[in-house]
Each structure stands twice: as C-alpha cells, then as structure tokens.
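Engineer: I need the structure of the sequence given here:
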Amino acid sequence: MKPAPHPDEVRWIGKTFSQLTFSPDVRVPRPVATGQGEWIVQDHVAWTWIEGKETVGNYDDKLIAARAFHTGVRSLKRPSFVDYRSDPWALADRVAWSERSADYDAHTMTALAPILEMAESASMPEGVRAQVIHGDLSGNFVFADGLSPGIIDITPYWRPEGFAEAVIWIDSIWFSACISPDAFVQPGMATFVLRALARRLAEQPEQVAAGLKTAAEAAGVVTHLNEATEKLLEPWLS
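Structural biologist: As a prediction, this is how the structure comes out:
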C-alpha cells in the first residue's frame, strides 16, 4: 500500500501497468484494483508484493533490469499528467530540462547555474527520443536469491531512457559501492548526467519550499553534490 497524492497518475499507472508484460530480466509489481475497478481507496493504492530487499551495488544487474523495464514501456504514449504535476521532484525536473526557470537561494544557484549552462550547450545525439521512464530508480531495486531484479515504486517521467540511468550515476555518490562509467552505454550520457545532477540540486530548495526538508538539510545536500561535481562529470566531459 502507498499514498496516492496524484489521482490521475495513479489511475494511468493502474490501467497501464496492470496490462504490461516484461522480459524475464526484470520483475515489476502490478497495481491492484478493487472489485469495482477502482485504483484508489481512501487515498491509497495497492500493488502486488514482489520478494526482495534493497541492495547496495549490483549495478550491472540493475542496469540490465532498468533496460528491460524501459523496453517494456517504450511503446507507451506520453501521459498528460506529466505536464501539470507540481510536486518538488517534478518541478525540479523541469528546471533541469530548461522548461522552467531556476530561481533559488544563492548557495543553490552557485552550484546549479554552471551545470544548467553546460547542459544547454551539450548536444543531444540524433535519434534519441523521449519515452516513459522510471525517473527515480536508484533506491527502487529489490533483489532475492534465484530471481531477477525487481523494480518498485514506479515514478513515470517523459524523458530519454539514458536520463534514468544518469540519475543512477549521480545517486551513486551516496553509496560506498563502486560504479564504472563503462557500464553505461546510452548515447548522450554527458547531457543526461548534467541534467540529472541539475535535477538533484534543484530538488533541494523545491523540497524546502514544500516543507519537506529544512534549509540547512537542503544546503548540506547541495554542498555535497557541488563538492562531488568534478568526480561525477569527469568521465563524461573529458
């Protein structure tokens, strides 16, 4: 069970993911409707349980599962709710993709402005197209012995597939497990890594504005990301 703060999104996910099939390389839970076909009950949505626990590392297996997931959703059309979703993460995502102006505190802008400038000048490879992606994969893999990786807590965005993997790369700085840039084969990773870093930076003041994080907590995350920027970007911009 999980809260359903965006009813249109929940109903779209329910109708869509109750019918999709995926390759054996990934396990994906299914949303569960009531007997009357409703996806939301008392502001919550239900999903089937899939066995497994979160595991640090295992990036090769995670990327295989991510690619299997994105292959399975590649034919989906753009859902309308992505244009008006207004949670901190969606707002930050639009900032990262230059669809919304960045107007934050000086500490955040010192770190964010150069990243946005580089992202604007980075080229997008020909043929790369947006599709439905899971926009927050890093903490949403589960592993169980003898089973393929599971992907949970589906968070749909309309971006190129490589962006979902770039978020994994950026988030890897929070974990001790090593990850090699050689694991990523998506075209345009330089652009995607810049925009993924921009999104994580922009999320901090957006969460403060929404009352989900203190200014001091957000500033600490911004500082950490800023200090790690050279390490995060070097493999892609060298």
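Engineer: longest helix anywhere in the chain?
Structural biologist: helix 215-237 (DSSP state H).
Engineer: what packs against that helix?
Structural biologist: Secondary-structure packing of helix 215-237 (3 or more Cβ pairs under 8 Å, 6 or more residues apart in numbering; DSSP states H and E): helix 106-121, helix 161-171, helix 189-209. For glycine as for every other residue, the C-beta is placed from the backbone atoms N, C-alpha and C.
Engineer: contacts for it next, please.
Structural biologist: 105, 107-108, 110-111, 115, 118, 169-170, 173, 181, 189-190, 193-194, 197, 200-201, 204-205, 207-208 (Cβ atoms under 8 Å, 6 or more residues apart in numbering).
Engineer: for it, output the C-alpha coordinates as PDB.
Structural biologist: Output of helix 215-237 as PDB, limited to C-alpha atoms (Å, rounded to 0.1, in the frame of the first residue of the first chain):
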ATOM      1  CA  ALA A 215      17.000  24.800   4.600                       C
ATOM      2  CA  ALA A 216      20.000  23.500   6.500                       C
ATOM      3  CA  GLU A 217      19.400  20.000   5.300                       C
ATOM      4  CA  ALA A 218      19.000  21.100   1.700                       C
ATOM      5  CA  ALA A 219      22.100  23.200   1.900                       C
ATOM      6  CA  GLY A 220      24.100  20.200   3.100                       C
ATOM      7  CA  VAL A 221      23.000  18.100   0.100                       C
ATOM      8  CA  VAL A 222      23.800  20.900  -2.300                       C
ATOM      9  CA  THR A 223      27.200  21.300  -0.800                       C
ATOM     10  CA  HIS A 224      27.900  17.600  -1.100                       C
ATOM     11  CA  LEU A 225      26.700  17.500  -4.700                       C
ATOM     12  CA  ASN A 226      28.800  20.500  -5.500                       C
ATOM     13  CA  GLU A 227      31.900  19.000  -4.000                       C
ATOM     14  CA  ALA A 228      31.400  15.800  -6.000                       C
ATOM     15  CA  THR A 229      30.600  17.600  -9.300                       C
ATOM     16  CA  GLU A 230      34.100  17.200 -10.800                       C
ATOM     17  CA  LYS A 231      34.100  13.500  -9.900                       C
ATOM     18  CA  LEU A 232      30.600  13.000 -11.300                       C
ATOM     19  CA  LEU A 233      31.200  14.800 -14.600                       C
ATOM     20  CA  GLU A 234      34.800  14.000 -15.400                       C
ATOM     21  CA  PRO A 235      34.200  10.600 -17.200                       C
ATOM     22  CA  TRP A 236      31.600  12.200 -19.500                       C
ATOM     23  CA  LEU A 237      33.200  15.600 -20.200                       C
END
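Engineer: orientation of that helix relative to helix 106-121 in degrees?
Structural biologist: 30 degrees (axes from the mean of the first three to the mean of the last three Cα atoms, to 10 degrees).
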